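Student: just coords:
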Ligand SMILES: NC(=O)c1ccc[n+]([C@@H]2O[C@H](COP(=O)([O-])OP(=O)(O)OC[C@H]3O[C@@H](n4cnc5c(N)ncnc54)[C@H](OP(=O)(O)O)[C@@H]3O)[C@@H](O)[C@H]2O)c1
């Protein structure tokens, strides 16, 4: 595993981090398997774990807490998130700060996450959704500063809403945010335009999330793929959206080098960008943990292949939470 330095805190973070949504919130998760996968990731050098209160109402955080207690000899970095009070995750411009992140709510969920994780301080606490309309409001600014001063949180981040990659820049201008988390993958290349150069200039860390486009870039989905009732992926991969996605995956598959898999290519694409501090594939299965951690070997993508991947950028006009 290779490490990249967080520009503000100096933390050496593994290039491959651990996305902990699916294991806490998607159907088909098995806690025993998850704990084994988490332990394997630690053994392979992964030291960044991205969870959220919303991933199973604290369930994902509690699994991470168990992992932390089993690895007290290792410095593992914990990232979690405060859920939006009104449970809206995108297009929040018609909501007020009081609807989404009132001060008492930010504090209450930070305290709840500390308890679920079983730690005294959260390394990276993130706001799980955002509208830059609130950027100048000093109430959220004072609250996050207080929680940092009190020692409950070491650093703050914002998880940018899906496909709203610049709807955070004014909040970053405040200087209070140390890290942004954003959807970035072979399809979603938009953060390269504005957000990444901004972060590089200001020394803000970047967590690249959803590296496999929620699964399509693993190459395992087919037209017949269906998820059980209640699984969020039914909203992302509706029959129409799946039908629009699969031909694009096929075109991509045709350029994957013979020595590589599609998931490997997807991760190597993300790691090619110097603004990226870490990427956090969602992983439940041991085999996926092993395959993904192995990608962090410092071998860059060949420039002609990188050029070809530029053609696979896809600006979607769907609205998905
Ligand atoms: N608003 C937000 O802040 C927000 C939103 C979305 C995601 N996130 C964060 O980003 C993380 C990553 O996104 P995601 O988990 O939604 O989606 P993702 O990482 O794009 O895809 C996860 C899927 O890929 C599969 N997978 C992983 N490695 C594989 C491999 N090598 N080969 C084949 N399949 C593989 C996983 O299978 P298994 O699970 O079976 O191993 C899972 O089904 C989340 O876990 C979460 O921490 C944050």
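Tutor: Yep, that arrived. On a predicted model such as this, the values are computed, not experimentally measured, just so you know.
Student: mind checking the SS state of residue 186?
Tutor: Secondary structure of residue 186, reduced to three states by DSSP: H, G, I helix; E, B strand; the rest coil: coil.
Student: burial count for it?
Tutor: By other CB atoms under 10 Å, 25 other residues sit near residue 186. Using the backbone N, CA and C atoms, a C-beta is placed for each residue, glycine as well.
Student: go on, residue 203?
Tutor: Residue 203, neighbours per other CB under 10 Å, totals 10.
Student: now residue 103
Tutor: 16.
Student: Please name the residues that touch it.
Tutor: 139-140, 142-143 (CB atoms under 8 Å, 6 or more residues apart in numbering).
Student: The residues you listed: which two are farthest apart?
Tutor: Spatial extent of these (CB to CB) is set by the pair 140 and 142 at 7.6 Å.
Student: More neighbours: which of these two?
Tutor: residue 140 (22 against 12).
Student: If we ignore the residues flanking it in sequence, what's nearest that one?
Tutor: Take residue 140 and drop its neighbours on the chain: the residue closest to it by CB to CB, 6 or more residues apart in numbering is residue 101, 5.5 Å away.
Student: cool, residue 169 as well?
Tutor: Residue 169's closest residue in space is residue 198 (CB to CB, 6+ apart), at 6.1 Å.
Student: That neighbour: neighbouring residues, count only.
Tutor: Counted with other CB under 10 Å, residue 198 comes out at 18.
Student: Please identify the helix or strand for it.
Tutor: Take DSSP states H and E as the rule and residue 198 turns out to sit in helix 195-202.
Student: residues near residue 137, how many?
Tutor: 14.
Student: Tell me what the residue in the chain positioned nearest to the ligand is bridged to.
Tutor: Nearest residue of the chain to the ligand (CB to the nearest ligand atom) works out as residue 282 at 2.0 Å. When bridges are called by DSSP bridges, residue 282 pairs up with residue 19.
Student: Report whether the expected contact of it with residue 19 is present.
Tutor: Yes. Residue 282 is within contact range of residue 19, at 3.9 Å (criterion: CB atoms under 8 Å).
Student: Mutual contacts of these two, please.
Tutor: residue 210.
Student: Near residue 62, how many residues? Count them for me, please.
Tutor: 18.
Student: and it, helix, strand or coil?
Tutor: Strictly by three-state DSSP, residue 62 counts as helix.
Student: Chain neighbours aside, what residue packs nearest to it?
Tutor: residue 116 is the one closest to residue 62 (CB to CB, 6+ apart), at 5.1 Å.
Student: in the chain, which spans are strands?
Tutor: For the chain, applying DSSP state E gives strands covering 3-5, 12-14, 18-19, 48-50, 77-82, 122-127, 153-159, 179-183, 205-209, 278-279.
Student: Would you list the strands that the second one pairs with, along with their directions?
Tutor: In the sheet, strand 12-14 lines up against strand 3-5 (antiparallel) (DSSP bridges).
Student: And the average pLDDT for the partner strand is what?
Tutor: Averaged across strand 3-5, pLDDT comes to 98.
Student: and the end-to-end length of stretch 115-130?
Tutor: Distance between the boundary residues of stretch 115-130 (CA to CA, to the nearest Å) amounts to 24 Å.
Student: where's residue 269 relative to residue 114, distance?
Tutor: Residue 269 sits 35 Å away from residue 114, going by CB to CB, to the nearest Å.
Student: higher neighbour count, the two?
Tutor: residue 269 (23 against 20).
Student: Name the nearest residue to the more buried one, ignoring sequence neighbours.
Tutor: In space, residue 269 is closest to residue 186, 5.1 Å off (CB to CB, 6+ apart).
Student: how far away is residue 277 from residue 212?
Tutor: 19 Å.
Student: whoops, residue 265 was the one
Tutor: 11 Å.
Student: So for these two, which sits in the more crowded spot?
Tutor: Between residue 265 and residue 212, counting by other CB under 10 Å, residue 212 is the more crowded of the two (24 against 21).
Student: List the residues that contact that one.
Tutor: Residue 212 neighbours (CB under 8 Å, 6+ apart): 185, 218, 263, 266, 281-282.
Student: rerun that using 10 Å as the cut-off
Tutor: 19, 185-187, 218-220, 262-263, 266-267, 270, 281-283, 288, 292 (CB atoms under 10 Å, 6 or more residues apart in numbering).
Student: What pLDDT is listed against residue 93?
Tutor: 89.
Student: Any figure for the gap between it and residue 133?
Tutor: Distance from residue 93 to residue 133, by CB to CB: 6 Å.
Student: Just the pLDDT for residue 188.
Tutor: For residue 188, pLDDT reads 98.
Student: same thing with the one 5 residues further on?
Tutor: Looking at residue 193, its pLDDT reads 98.
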